[in-house]
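**Q** I need the structure of the sequence given here:
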Amino acid sequence: MNARLQRAQGELVRALGIERVEEGSGEPEGEAEHRLGLLRLQPPAPAALPCRAARRRAAGAHSITGPAKQASWQCCRGSRIGATMDDPASQRAGPMAQFTARTMPVEKLFGNPFFIGAPSYQRAFVWSADEAGQLLRDIAAALEAAGESREEGEYFLGAMLFIDPNPPPSRLRRWTRRRPEASRQLDVVDGFQRLTTLTILFCVLRDLAAGEHEPPSPRLLAAIRAGEGPGARDRLTVGGTEEAFFLGHVRAPGATLADQGSGAASLAEERMLEVRNHFVSELAAYDAKERRQLAEFVLKHCYVVHVTTTGIDRAHRIFEVLNARGKPLARNDILKAMLLGSVPMAGIASCRTVWKEAETRLGGEFEQLFSHIRAMYRRTSDRVISDLAEIAAAKGGAQPFIEQVLGPAAAVYQNIRAARHVGSPHSAAICQYLRYLNWHGFSDWIPPVMLWWLEHGEDSEGLARLLARLDRLAFAARILCMGTSKRVRRFGAVAAALREGRRLDAPDSPLELSRSELRTIQYNLRDLHGRNAQAAKHLLMRLCDGMAGSPQSATFPGDMTVEHVLPRKLGAGSPWRPWYTDPAEREWCTESLGNLVLVTKSQNMLAANLDFARKLELYFGTPGAPVPAVNEGLRGLHEWRAEHIRAREAQLMRAIDALWSFDLARSREPRRAEAVS
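**A** Predicted coordinates for the structure are as follows:
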């Protein structure tokens, strides 16, 4: 984290002509260097301080003990080194061109005195479940690594830029007389996507806790809204036409678990719902303790560099610095220097060639390769560079590691991501399983595949068998709504079994599903869309291929969606009501797996609350739209009553069983026995 913080400050220093750095109050030297990773902050010259008490405070600043507060640096073009902000000589040098940058935990950013708004020129919310999901996975991984290392972990969210039209006076003026800071309304210039995503995360955590009758976390509530009653204020306002939508579908208590109603009116609103629903489905798999730990970690141990300035012109210049100047130092740059620097002179040319070929193969995914190599060898701490150094040492040094592990692993990883395999009667099946596995939003399955492929690459039949088992486990993990930590441990156990040469078809194999897991799968399948909409979509696509006897899903356009045949909301005069007079039965039928079909996004928008006959016309008569095999069971029907939905659900359950042997019929037996008893 420190290197990234230091890089952010360095770019600002070079671009803005900073000639002096001034220390804020209350930050011990060690904390300033560790938390900020910026320049080592030096106290101003004692002679320049306004009073004797301030000089004593500055002289002792580096001996302060206790928890870190915050450090800031303030910059003034044209100031003399060592001059104070109040020095007349400094003021004569030219107009003030001041900005501040300080590191702070998320709890401070979403706490007093700050309130953040999106100015009119701010781009609307555009993050999808991909970006938001990656952020959640990264934070969860940092939290898990901290737990395993028994240390306080941290996660760096990057720099965020704000305009503060009414900044507080210089800290030097306030050293002798501290007063509570007045509320500060900031306009966000850079960081709006992250701030909105974090707010959605906070609201989902709040509502999931309330849904399980847990007491609300005051700190979490304070990050969403300050105060109570008429004087309460939202920490973040998204502004524009989306503000009312954000309130009704995210920020209001209970809003994230409510039905989305008539849906979104703009792309930004669609993305808000997409991220909200993704977080709900992911975090529903966490237990109450895990959610509390996640909330605490985000608030206390996730950090940002909070950059403020006073005008739009300077904000634009800083924005360009933060987003366009310089090339970041990637982790693999450090690894390259470390590993190639350890190679004997005789092997350096060969190793450089291997490294360059691996970089060329993988492009932007090259750095991710190192994480998968770590997981192959069960290194799970957050010390990536140290872990890889240990792995290289275990392989006999840097040269054997580069030539025997890194190079071959890069080729295998490229084939995995491209779903490519040739030269075997089993190649078609291998490619198909890899395509299915790449659907998932997680990559925990990749290290076991890489490990097996590297050690048994010639056995294509064995590779196909392993991929089939991993395909089953990966879909099971999604249907079970398995949390990140549990999923990482489960696939890590598969890699461990491979390393240790244990049988993967043994009863205690991590690839096997327990009776309890099978029962939960059967239970969750009945309303899977409500639990995880993306998992329901991929399940239906997978069933299409099984029913069609060929990879039909490979021909689908990228905008396929899940449609509820029986609409989720019915008007008072809806033609559907005579078929569903019992509200409880209607609710069950609506969310049933048997009520779901696959359609394009445009078909979904047109279908809405149409009657059954007109929906069938859309499903089977839209020019240019595919007709998925999973929809064929509806063709020719004239009614869509509860018995039709139950029959189709049973049909789909049998198809799922045929694919993965979830033993759904037997998994229901204990539930019947319990009901009888």
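**Q** what's the distance between the nearest residue to A232 once chain neighbours are set aside and A284?
**A** Distances taken as Cβ to Cβ, 6 or more residues apart in numbering place R225 nearest to A232, at 5.5 Å, with adjacent residues excluded. C-beta here means a position set from N, CA and C on the backbone, and glycine is covered the same way. Distance, R225 to A284, by Cβ to Cβ, to the nearest Å: 23 Å.
**Q** just G153 next, same as before
**A** According to Cβ to Cβ, G153 and A284 sit 24 Å apart.
**Q** between those two, who's got more neighbours?
**A** Neighbours were counted for G153 and for A284 using other Cβ atoms under 10 Å; G153 has more, 20 against 17.
**Q** Was I right to think that one contacts K300?
**A** No. Using Cβ atoms under 8 Å as the test, G153 is too far from K300 to be in contact (10.5 Å).
**Q** What count of nearby residues applies to A349?
**A** 10.
**Q** Name the helix or strand for it, please.
**A** Secondary-structure assignment from DSSP states H and E places A349 in helix 348-362.
**Q** Put the alpha carbons of the helix or strand just after that helix into PDB.
**A** Past helix 348-362, heading to the C-terminal end, the next element that is a helix or strand (DSSP H and E) is helix 366-376. Output in PDB follows, covering the C-alpha atoms of helix 366-376 (Å, rounded to 0.1, in the frame of the first residue of the first chain):
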ATOM      1  CA  PHE A 366       0.400 -11.200 -16.200                       C
ATOM      2  CA  GLU A 367       0.300  -9.900 -12.600                       C
ATOM      3  CA  GLN A 368      -2.700 -12.100 -11.800                       C
ATOM      4  CA  LEU A 369      -0.600 -15.200 -12.800                       C
ATOM      5  CA  PHE A 370       1.600 -14.700  -9.700                       C
ATOM      6  CA  SER A 371      -1.400 -14.900  -7.400                       C
ATOM      7  CA  HIS A 372      -2.400 -18.200  -9.000                       C
ATOM      8  CA  ILE A 373       1.100 -19.500  -8.700                       C
ATOM      9  CA  ARG A 374       1.000 -18.600  -5.000                       C
ATOM     10  CA  ALA A 375      -2.300 -20.400  -4.600                       C
ATOM     11  CA  MET A 376      -0.900 -23.500  -6.300                       C
END
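**Q** what does helix 366-376 contact?
**A** When contacts are taken as Cβ atoms under 8 Å, 6 or more residues apart in numbering, the neighbours of helix 366-376 outside the stretch itself are 330-332, 335, 358-359, 362, 380, 384, 387-388, 391, 405-406, 409-410, 413, 443-444, 446-447, 450-451, 492, 495, 499.
**Q** Tell me the first helix or strand C-terminal of it.
**A** helix 384-394.
**Q** Mind giving me the packing neighbours of that following helix?
**A** Judged by 3 or more Cβ pairs under 8 Å, 6 or more residues apart in numbering; DSSP states H and E, the packing partners of helix 384-394 are helix 331-340, helix 366-376.
**Q** Show the average pLDDT along that helix.
**A** Mean per-residue pLDDT for helix 384-394: 88.
**Q** name the element Y303 belongs to?
**A** Under the assignment here (DSSP H and E), Y303 is part of strand 302-309.
**Q** Same check on M160?
**A** M160 is located in strand 155-163, with elements delineated by DSSP H and E.
**Q** Name the nearest residue to L299, ignoring sequence neighbours.
**A** With Cβ to Cβ, 6+ apart as the criterion, L299 has its nearest non-adjacent residue at 3.9 Å, and that residue is E107.
**Q** One more: L201?
**A** The shortest distance from L201 to any non-neighbouring residue, by Cβ to Cβ, 6+ apart, is to F279 (5.8 Å).
**Q** R472 too?
**A** Distance criterion Cβ to Cβ, 6+ apart; nearest residue to R472, sequence neighbours excluded, is W660 at 4.5 Å.
**Q** check contacts around the one you found.
**A** Shown here is W660, whose contacts under the criterion Cβ under 8 Å, 6+ apart are 471-472, 475-476.
**Q** Looking at the residues you listed, spot the one nearest F162.
**A** F475 (43.5 Å; Cβ to Cβ).
**Q** Pretty sure M541 is one of the things that closest one touches, is it not?
**A** No. With contact defined as Cβ under 8 Å, F475 does not count as touching M541 (11.1 Å).
**Q** ok so, going back, OK, contacts around the residue nearest to A232?
**A** If you count contacts by Cβ under 8 Å, 6+ apart, R225 has them with 232-235, 251.
**Q** Just the buried residues of those.
**A** Listed as buried from the contacts of R225 are 234-235, 251; burial here means 16 or more other Cβ atoms under 10 Å.
**Q** Check which helices and strands the strand holding M160 sits against.
**A** Counting by 3+ Cβ pairs under 8 Å, 6+ apart, strand 155-163 packs on helix 2-16, helix 129-149, strand 184-190, helix 192-211, strand 302-309, helix 312-324.
**Q** partners of it, with directions?
**A** Strands adjacent to strand 155-163 in the sheet, as given by DSSP bridges, are strand 184-190 (antiparallel), strand 302-309 (parallel).
**Q** any chance of those strands in TSV, plus mean pLDDT and mean neighbour count?
**A** TSV is the format used below for the strands paired with strand 155-163 (pLDDT from 0 to 100; neighbours: other Cβ atoms under 10 Å):
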stretch	mean pLDDT	mean neighbour count
strand 184-190	91	20
strand 302-309	93	23
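**Q** can you list the domain ranges for this protein.
**A** Residue ranges for each domain of the chain read 2-324, 331-517, 528-676, as given by automatic domain parsing.
**Q** Report the distance from the shortest one to the chain centre.
**A** Put simply, domain 528-676 sits 29 Å off its chain's centre (Cα atoms, centre = their mean, to the nearest Å).
**Q** so how far is the first residue of stretch 396-411 from its last?
**A** Across its full length, stretch 396-411 reaches 21 Å end to end, with Cα to Cα, to the nearest Å as the criterion.
**Q** returning to what we had before: tell me the spacing between the residue nearest to R472 and R646.
**A** 22 Å.
**Q** Also C351?
**A** 63 Å.
**Q** And those two? Which one has more around it.
**A** Set side by side, C351 and R646 give different neighbour counts by other Cβ under 10 Å, the larger being at C351 (23 against 14).
**Q** out of the helices and strands packed on strand 155-163, nearest to Q534?
**A** Relative to Q534, the nearest member of the helices and strands packed on strand 155-163 by Cβ to Cβ is helix 129-149, separated by 7.0 Å.
**Q** Sweet, I'm off.
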